[in-house]
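**Student:** from the sequence below, what's the structure:
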Amino acid sequence: MKSPVALIGAALVALYTLTISAADGITKLISQGYAAPQLFALSAAMVLALSWGASRMQRSAGAGGLRTRAPRAMALRAGLTVLACVGFFKAFQLLPFADVFLFIGLMPVIAALLSGPALGEPLRREAVAALGLGTLGLFCLLPGGLSAVQPGHAWALMAALTGTGSMLCARYIGRIETNALAQVFYPNLAILVVMGAALPFVWRPMGLADLGWIAAYALFLFAARWIVTVALRLLPAYVATALMNLQFVWMVLIGFVAFGEVPNLGSLTGVALVIASGLWLVFAEHMPRQQPTAARA
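**Tutor:** Numbers count the residues shown, from 1 in each chain. Here you go, the predicted structure:
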């Protein structure tokens, strides 16, 4: 991989962590008063409107649109995205931000394990070492060890598995087409269909302030999903997901300012190791690959 591509991809992932953390903060706020279908149905409708408007602008410029050349992979990505949304909603409802990040931090490890069989992207030796460092850091993130496991942790694990699968699908689709907007539109269409079916059973009246929060959530989510789709074309999935661990910095700030949550020393130590592993992965991807001696000869 050429170094400018890796650096651009890393910058996009860093921007993604900021926008998705803002969306997660709103999720945690809304989850205390409303059911998941109400948040996701309304926000998905708003994201679809933004996607449709952006596609019209692209079509007027002679490019883009919402067509996809990978309908099966897109359908799988859409289904996994729905499951990840539900899982993270329940996790944010039941757990502090720092505990949820434990499972967000697991995503590069899961991506690394699946990238080989799913995408044909074998790990480099440096990447294996970096992932080992990140795994060590994860053990510091759960206070009390396995005895502290709660239902929220099960939701978070499900979200991490399905969210990673959705990102692997995004990278696969990115090999076939460059239309990032389609990868925003169809997963949100699936969210609207699924959550809209449940909406009549859980609807609660909303004030203008809460509607404003959902509109902000939709805007951040639209930007985040568009940005990460482009980034996943430029970086291997396990590198991109490892860089996403920088999201913890924003989550700590949001958790402290908005919810009064302060991570303990063990959590901070673990996060430092996890973030270091992500930076190591990017450095390994940035370095040129060495060919075997026989090949060089």
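**Student:** where along the protein do the helices fall?
**Tutor:** 3-31, 36-60, 71-94, 97-119, 125-139, 151-176, 180-202, 208-234, 237-243, 247-259, 265-286, 293-296 (DSSP state H).
**Student:** now do the contacts for residue 44.
**Tutor:** The contact partners of residue 44, by CB atoms under 8 Å, 6 or more residues apart in numbering, come to 188-189, 191-192, 195, 218. No exception for glycine: its C-beta is placed from N, CA and C like everyone else's.
**Student:** could you redo the last one with a cut-off of 10 Å?
**Tutor:** By CB atoms under 10 Å, 6 or more residues apart in numbering, the contact set of residue 44 is 82, 85, 187-196, 218, 221.
**Student:** among those, the buried ones, what's the PyMOL command?
**Tutor:** Entered in PyMOL, the line below selects the buried ones among the contacts of residue 44, by 16 or more other CB atoms under 10 Å:
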select buried, resi 82+85+187+188+189+190+191+192+194+195+218+221
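**Student:** so which one among the contacts of residue 44 has the lowest pLDDT?
**Tutor:** On pLDDT alone, residue 221 ranks lowest of the contacts of residue 44, at 88.
**Student:** just checking, that residue touches residue 184?
**Tutor:** Yes - assessed by CB atoms under 10 Å, residue 221 is found in contact with residue 184 at 8.9 Å.
**Student:** who touches both of the two?
**Tutor:** 47, 50.
**Student:** that older thread, the helices of the chain: lowest mean pLDDT?
**Tutor:** Averaged per stretch, pLDDT over those is lowest on helix 293-296, reaching a mean of 43.
**Student:** need the winner for burial among the helices of the chain.
**Tutor:** helix 237-243 (a mean of 29; mean count of other CB atoms under 10 Å).
**Student:** please save the CA atoms from that helix in CSV.
**Tutor:** Presented in CSV, the C-alpha positions along helix 237-243 are these (Å, rounded to 0.1, in the frame of the first residue of the first chain):
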residue,chain,number,x,y,z
ALA,A,237,-10.3,-3.8,7.8
TYR,A,238,-8.2,-4.8,10.8
VAL,A,239,-6.1,-1.6,10.5
ALA,A,240,-9.2,0.6,10.2
THR,A,241,-11.0,-1.0,13.1
ALA,A,242,-7.8,-0.8,15.2
LEU,A,243,-7.6,3.0,14.5
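**Student:** output the contacting helices and strands for that helix.
**Tutor:** With contacts taken as 3 or more CB pairs under 10 Å, 6 or more residues apart in numbering; DSSP states H and E, helix 237-243 sits against helix 3-31, helix 97-119, helix 125-139, helix 151-176, helix 208-234, helix 265-286.
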